[in-house]
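Undergrad: Got a predicted model here, sequence first, then my questions.
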Amino acid sequence: MKLITSSSASKAVHILTQSFQTNPSALWVIKQDQKVQKRLRALIEYAVKTGLENDGAFLSDDESAAAICFEEPTASSMKAYWNQLILIRKAIGISRVPHVLKREGYLKKYRSKEPHLNFWFLGVDPNNKGRGGVHDLKREIFKISQEKKLPILLETSVERNKNIYEHFGFRTYHTWKQSEDYTLWFMRRG
């Protein structure tokens, strides 16, 4: 596993954008219009920038998988606020801001206030599935968790992913049925 750099960020953005094409949670956040693909990419660019700023943006050694996982809580900076404004303009849209803020308020209520690793995004290049990159990232992130003695928290809206995370020792500590076809599982390991 290696840290993403500014020169490898586009590779990570590509991997994660491809991986989140049908993700209910990511798609809910962005404005649904004719620019949905550009908006999804802008959301992923924001996540990668946030990961870079917090030393938590990773590529597998073979560059087939990417992850955003960093220690929280984090301190806000002017750069973080600027990136959020860009996210609103390019991905969310002004009209969706109240809905997204309401959702974020709910999520914050159930996220740990104690230090933890926030496993925000994980994806594999669809053309390179099965090469082991995701497992390498998982193993290294688990190692960081052990070394820092921090639990790993994540949310997933994909039931198949929930089942995979359970296989790797995560347990659901809260479930939120946001809509008829959108459930979000809050999970923790450690």
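TA: Thanks, I have it.
Undergrad: And the strands in this protein, which stretches?
TA: 2-3, 57-59, 65-72, 116-124, 152-156, 171-179, 182-189 (DSSP state E).
Undergrad: In a markdown table: the ones you listed, plus mean neighbour count, distance to Lys49 and mean pLDDT.
TA: From N, CA and C alone the C-beta is placed, and that goes for glycine too. Below are these laid out as a markdown table (neighbours: other Cβ atoms under 10 Å; distance: least, Cβ to Cβ, whole Å; pLDDT from 0 to 100):
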| stretch | mean neighbour count | distance to Lys49 | mean pLDDT |
| --- | --- | --- | --- |
| strand 2-3 | 12 | 14 | 94 |
| strand 57-59 | 24 | 8 | 97 |
| strand 65-72 | 24 | 10 | 97 |
| strand 116-124 | 23 | 12 | 96 |
| strand 152-156 | 21 | 19 | 97 |
| strand 171-179 | 12 | 26 | 94 |
| strand 182-189 | 19 | 23 | 96 |
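Undergrad: From the contact counts, what lies against the longest helix along the chain?
TA: Assignment by DSSP state H gives helix 36-53 as the longest helix of the chain. When contacts are defined as 3 or more Cβ pairs under 8 Å, 6 or more residues apart in numbering; DSSP states H and E, helix 36-53 packs onto helix 9-19, helix 24-29, strand 57-59, strand 65-72, helix 78-87, strand 116-124.
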